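Trainee: just need the structure, nothing else, for what follows:
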Amino acid sequence: MLLMAAATVAVSLISTGPAQADTLICQQYGSTTIGGKYVVQNNRWGTSAEQCINVTSTGFRITSQQGSAPTNGAPVSYPSVYLGCHYGNCSPGTNLPRQVSRISSANTSINYTYVGGTYDASYDIWLDPTPKTTGVNQMEIMIWLNRQGPIQPVGSAVGTTTIAGRSWQVWRGNNGGNDVVSYVAPSTIASLSFNVLDFVRDVDARTQVTTAWYLTSIQAGFEPWNGGTGLAVTNFSANVTASGKS
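Mentor: Residues are numbered from 1 along each chain as shown. The predicted model follows:
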């Protein structure tokens, strides 16, 4: 089945200002910043039902998720934390967008807490041939660390690969707005540290993406279809190091 990726829907993000101890966000596209470096967004794009997230100093937790969607269609939201730019909302001091050829490393790590429901826990990494900070980018890389229920990525499975010391099932497709390459873990991963460029290089070998393209954001969160209250990103970090190439 073809699923619309949550981050592809045009939104107008609402900034609620820097988070302090804990910040509760229930606005549909409400967002805040943490650590002076990252944006946390509610991004409830696929439902009018309530969704709230409690933002901490290192991540967020879903405190209410009342939406529901058929598992043969798109999820209801993508609450997430990110480095970079998403629909004009750029994280503080980010050096993204930046050409892949001008990046020496893009290291990231995450720790998840899982509960019941129907959802995926995934990274969403965006690339475009231009330094685009608004609207939909042309290439979306999804990295599914966990999936619960009868759901699957956009497109169809095209093989397997090994990246970051782990095996992944690779999917390719298009959701009508952008191309998508997804990497699905065969078993649940609760925490992971890796270099985003390792996945970008694999996409480079499979698609039209080249090192002249721009990395625009590194995002991580959840795509719920049903349930998900209690899901949490307990710790997230990402750092893009420039290569020094002009």
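Trainee: kindly export stretch 103-119 (C-alpha atoms) in PDB.
Mentor: What follows is stretch 103-119, C-alpha atoms only, in PDB (Å, rounded to 0.1, in the frame of the first residue of the first chain):
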ATOM      1  CA  ILE A 103      29.300  17.300   5.300                       C
ATOM      2  CA  SER A 104      31.900  15.100   6.900                       C
ATOM      3  CA  SER A 105      29.500  13.400   9.400                       C
ATOM      4  CA  ALA A 106      25.900  13.600  10.500                       C
ATOM      5  CA  ASN A 107      25.900  11.700  13.700                       C
ATOM      6  CA  THR A 108      22.700  11.100  15.600                       C
ATOM      7  CA  SER A 109      21.400   9.000  18.500                       C
ATOM      8  CA  ILE A 110      18.000   8.200  20.000                       C
ATOM      9  CA  ASN A 111      16.400   6.300  22.900                       C
ATOM     10  CA  TYR A 112      12.800   5.200  22.600                       C
ATOM     11  CA  THR A 113      10.100   4.100  25.100                       C
ATOM     12  CA  TYR A 114       7.500   1.800  23.600                       C
ATOM     13  CA  VAL A 115       3.900   1.000  24.500                       C
ATOM     14  CA  GLY A 116       1.000  -0.700  22.900                       C
ATOM     15  CA  GLY A 117      -0.900   0.600  19.800                       C
ATOM     16  CA  THR A 118      -0.500   0.700  16.100                       C
ATOM     17  CA  TYR A 119       2.500   2.800  15.000                       C
END
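Trainee: list the buried ones in it?
Mentor: Of the residues in stretch 103-119, those buried by neighbour count under the rule 16 or more other Cβ atoms under 10 Å are 103, 106, 108, 110-112, 114, 117-119. Where you see a C-beta, it was placed from the backbone N, CA and C, and this is true even at glycine.
Trainee: what do you get for stretch 32-42?
Mentor: For stretch 32-42, burial by neighbour count (16+ other Cβ under 10 Å) applies to 32-35, 38-42.
Trainee: what's the offset of the longest strand seen in the chain from the middle of its chain?
Mentor: Ranked by residue count under DSSP state E, the longest strand found in the chain is strand 214-226. Centroid separation for strand 214-226 versus its chain: 1 Å, with Cα atoms, centre = their mean, to the nearest Å.
Trainee: and it, what does it pack against?
Mentor: Strand 214-226 sits against strand 60-65, strand 80-86, strand 98-99, strand 103-113, strand 118-128, helix 196-206, strand 232-242, with contacts defined as 3 or more Cβ pairs under 8 Å, 6 or more residues apart in numbering; DSSP states H and E.
Trainee: need the buried residues of stretch 32-42 in a markdown table (columns: secondary structure, pLDDT and distance to F199).
Mentor: Conversion of these to a markdown table gives the following (DSSP: H, G, I helix; E, B strand; the rest coil; pLDDT from 0 to 100; distance: Cβ to Cβ, whole Å):
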| residue | secondary structure | pLDDT | distance to F199 |
| --- | --- | --- | --- |
| T32 | strand | 98 | 27 |
| T33 | strand | 98 | 25 |
| I34 | strand | 97 | 24 |
| G35 | coil | 96 | 24 |
| Y38 | strand | 98 | 20 |
| V39 | strand | 98 | 21 |
| V40 | strand | 98 | 22 |
| Q41 | strand | 98 | 22 |
| N42 | coil | 98 | 26 |
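Trainee: nearest to P79 among those?
Mentor: N42 (5.6 Å; Cβ to Cβ).
Trainee: mind listing what V100 touches?
Mentor: When contacts are counted by Cβ atoms under 8 Å, 6 or more residues apart in numbering, V100 touches 127, 197, 200, 204, 210-215.
Trainee: can you rerun that using 10 Å?
Mentor: 106, 127, 196-197, 200-201, 204, 209-215, 243 (Cβ atoms under 10 Å, 6 or more residues apart in numbering).
Trainee: make a PyMOL selection of the buried ones in those residues.
Mentor: Here the buried members of those are turned into a PyMOL selection, burial being counted by 16+ other Cβ under 10 Å:
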select buried, resi 106+127+196+197+200+204+209+213+214+215
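Trainee: all set, thanks.
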